[in-house]
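Enquirer: I would like the atomic coordinates for the input below:
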Amino acid sequence: MATTNEWSYFKNIISVFTTKVFVLSFGLISTIILARALGPEGRGFLAAILIYPTLLVALTEGGMRQSAVFFLGQKKASDAKVIGALFSYIIFAGLLGTVAVYILMKWFGPEGFGDAMLLVAAAILPLSLAVNALKGIFLGKEKIKKFNQTTWIQKVFYLAGIAILYFLDHLTVFSAVVVTTLAALFNLFQALYYLRQNHLFSFELDYDVFKSMFKLGVVYALALFFIQANYKVDILFLSWLSTPEELGNYAVAVQIGELLWQLPAAVLVVLMSKSANSDKNTIINTVCKTSRLTLLVTSFSGIGLLIVSYFLIEPVFGAGFSLTFNMLLMLSLGLVLASVFKSINAYYAGQGNPYFTIYLMGAVVGINVILNIILIPMYNGVGAALASTVSYSFSAFGAVAIFSHKEKVPMIDLLICKRSDFLPLINKIKKR
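Expert: Presented below is the predicted three-dimensional model:
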């Protein structure tokens with residue numbers, strides 16, 4: 001029979017999953033509006049300008065979010081000292097990161113955009129960095145409800161801004177970037193309000209705590225950067241090696257495909273929080289069960305998403321996005337298999353061991369880069385999708401092999417569901 005703790009764990013996953021589906025629904029509507037307003041070329045330019053702050057936020061964040069989760073969950077220092085160290089880092093890294101992303105966009109970004117566009121886009125980095133880091137406090141304290149709230153309200157704000165501009169016929173690449181920045185600013189104020197409301201607001205700085213968090217955070221940052229690089233490197237290479245139209249179609253395919261990651265993303269949030277607050281020996285079975293259930297649900301979801309997308313992409317997004325389905329089809333297997341990596345990675349992140357990710361994803365990113373260079377000139381967006389699927393698959397099977405070896409569990413336990421996996425839900429239904 002399922003224990004109260006086990007049911008609470010799955011209840012938290014359902015809560016975060018529901019929130020993420022809600023958020024993605026709003027995100028999908030925003031994607032449709034942007035596609036209709038900007039067309040494939042404009043959508044490609046938007047993806048090209050936003051890739052720089054999105055990719056660099058993982059590096060400049062310094063892994064302090066994950067470090068905060070670990071320090072708070074394992075009670076390595078007082079809450080005030082951990083939160084104070086986090087705030088100090090946000091201020092320093094935010095200023096440095098803004099300058100870095102502006103320079104990179106100036107040198108390597110799309111041509112034709114002035115300083116105003118670059119400055120507004122660069123401002124996304126410090127805002128996103130701060131919000132991501134502060135969310136680590138909610139996860140470290142297992143305040144899943146507050147984590148959810150800081151996620152979905154921002155998307156409502158963003159959708160409202162995009163929709164208003166669209167109906168006023170003022171939705172351009174520049175105005176879309178402005179709304180993205182304003183939504184991130186709103187989200188920061190919201191996160192700060194929740195912290196103050198929950199008495200988690202502190203500027204107490206302890207050098208030793210800051211040093212310890214930063215030392216672990218740097219490793220987390222490198223791990224997170226490799227993960228983000230593997231997810232985003234295809235966009236970067238498409239912006240260099242293909243056309244804005246191909247990039248626009250691919251960007252839409254990726255956003256549709258990311259619907260499949262809402263359950264794995266929910267699992268990552270809750271499992272990392274639980275792993276940081278649990279003994280290693282008690283969490284292994286939970287990781288295995290979570291991995292195989294997530295793979296099962298994501299597989300069926302992938303089939304359903306492809307069927308729906310086949311009939312709806314062109315009618316919804318427009319004839320200019322006729323190439324999107326083929327790219328999504330090529331991406332789908334990799335997106336499904338990536339759910340396994342996400343579950344295992346959440347466990348190691350919560351246990352304070354990001355080296356797992358660095359070793360595995362460093363190799364995976366290398367494979368992805370090589371395949372993008374080879375395949376994009378030949379097949380454009382479909383080539384980028386194929387490169388991503390190969391890299392996602394490699395990350396999944398690599399993670400399974402490493403976890404199986406290190407934790408002494410059969411690989412099949414991470415991939416194939418058992419009848420006992422469904423007992424918590426069955427028992428809960430019977431009680432009702």
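Enquirer: Show me the shaky parts of the stretch 51-200 of the chain.
Expert: 62, 109-112, 139-151, 199 (pLDDT under 70).
Enquirer: can you rerun that using 90?
Expert: Residue ranges of the stretch 51-200 of the chain with pLDDT under 90: 51-94, 97, 101, 104-118, 128-157, 184, 186-200.
Enquirer: would you list every one of the strands in it?
Expert: Applying DSSP state E, counting those that start in this stretch to the stretch 51-200 of the chain gives no strands.
Enquirer: ranges for the helices of it?
Expert: For the stretch 51-200 of the chain, helices defined by DSSP state H, counting those that start in this stretch occupy the ranges 64-73, 79-108, 115-122, 124-140, 144-167, 173-197.
Enquirer: So L119 is in contact with V101, correct?
Expert: No. L119 is beyond contact range of V101, at 10.3 Å (criterion: CB atoms under 8 Å). Yep, even glycine has a C-beta here, placed from its N, CA and C like the rest.
Enquirer: out of those two, which sits in the busier spot?
Expert: V101 (26 against 13; other CB atoms under 10 Å).
Enquirer: so the more buried one makes contact with T54?
Expert: No. Shown here, V101 and T54 do not form a contact pair, counting by CB under 8 Å, at 9.6 Å.
Enquirer: Does the residue lying closest to N372 once chain neighbours are set aside belong to a helix, a strand or coil?
Expert: Closest residue in space to N372, ignoring its immediate chain neighbours: F237 at 4.2 Å, by CB to CB, 6 or more residues apart in numbering. Under the three-state scheme (DSSP: H, G, I helix; E, B strand; the rest coil), F237 adopts helix.
Enquirer: What about F237, how many residues nearby?
Expert: 22.
Enquirer: Tell me who's in contact with it.
Expert: Listed by CB atoms under 8 Å, 6 or more residues apart in numbering, the contact set of F237 reads 369, 372-373, 376, 384.
Enquirer: what's the spacing between it and A37?
Expert: 26 Å (CB to CB, to the nearest Å).
Enquirer: repeat for L224
Expert: In terms of CB to CB, L224 sits 32 Å off from A37.
Enquirer: and these two? which has more neighbours close in?
Expert: L224 (26 against 19).
Enquirer: quick one: the more buried one and E61 touch, right?
Expert: Yes. L224 lies in contact with E61 (CB under 8 Å); the separation is 6.9 Å.
Enquirer: right, and V340 touches L414 too?
Expert: Yes. Counting by CB under 8 Å, V340 touches L414, with 6.6 Å between them.
Enquirer: Between these two, which contacts overlap?
Expert: Common neighbours of V340 and L414 (CB under 8 Å, 6+ apart) are 291, 400.
Enquirer: Show me what the helix or strand hosting A338 is packed against.
Expert: If you go by DSSP states H and E, A338 is part of helix 324-350. Contacts defined by 3 or more CB pairs under 8 Å, 6 or more residues apart in numbering; DSSP states H and E place helix 324-350 against helix 64-73, helix 207-241, helix 244-257, helix 262-276, helix 280-317, helix 355-407.
Enquirer: now the angle between helix 324-350 and the longest one, please.
Expert: To tie it back to what came earlier, the one meant is helix 355-407. Here the directions of helix 355-407 and helix 324-350 differ by 70 degrees (axes from the mean of the first three to the mean of the last three CA atoms, to 10 degrees).
Enquirer: So for helix 355-407, mean pLDDT?
Expert: Helix 355-407 carries an average pLDDT of 94.
Enquirer: got the angle for that helix vs helix 244-257?
Expert: Here helix 355-407 runs at an angle of 40 degrees relative to helix 244-257 (the same axes, to 10 degrees).
Enquirer: packing partners for helix 355-407?
Expert: helix 207-241, helix 244-257, helix 324-350.
Enquirer: Just give me how far that helix sits from the chain centre.
Expert: Centroid displacement of helix 355-407 relative to its chain, using CA atoms, centre = their mean, to the nearest Å, is 17 Å.
Enquirer: same question, the third one
Expert: Here the centre of mass of C-alpha atoms in helix 244-257, compared against the chain's by CA atoms, centre = their mean, lies 17 Å away.
Enquirer: swap in stretch 302-316?
Expert: The answer for stretch 302-316 is 23 Å, by CA atoms, centre = their mean.
Enquirer: Now do it: everything it contacts.
Expert: Stretch 302-316 has contacts (CB under 8 Å, 6+ apart) with 32, 252, 256-257, 259-260, 321-322, 324-325, 328-329, 332-333, 335-336.
Enquirer: buried ones in that stretch?
Expert: 302, 305-306, 309, 313, 316 (16 or more other CB atoms under 10 Å).
Enquirer: go on, stretch 363-370?
Expert: Those would be 364-365, 368-369, for stretch 363-370 by 16+ other CB under 10 Å.
Enquirer: just these now: which is nearest Y89?
Expert: V365 (25.1 Å; CB to CB).
Enquirer: Now do the contacts for the nearest residue to A221 once chain neighbours are set aside.
Expert: Nearest residue to A221, sequence neighbours excluded (CB to CB, 6+ apart): G63, at 3.7 Å. G63 is in contact with 216-224, 354, counting by CB under 8 Å, 6+ apart.
Enquirer: Among those residues, the buried ones, what's the PyMOL command?
Expert: Buried residues within these, by 16+ other CB under 10 Å, are selected in PyMOL with:
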select buried, resi 216+217+219+220+221+222+223+224+354
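Enquirer: Which pair of the contacts of G63 spans the longest distance?
Expert: The largest distance within these, taken as CB to CB, falls between L216 and L224 and amounts to 12.4 Å.
Enquirer: Need the overlap of contacts for the two.
Expert: When CB under 8 Å, 6+ apart defines a contact, the residues bordering L216 and L224 alike are 63, 354.
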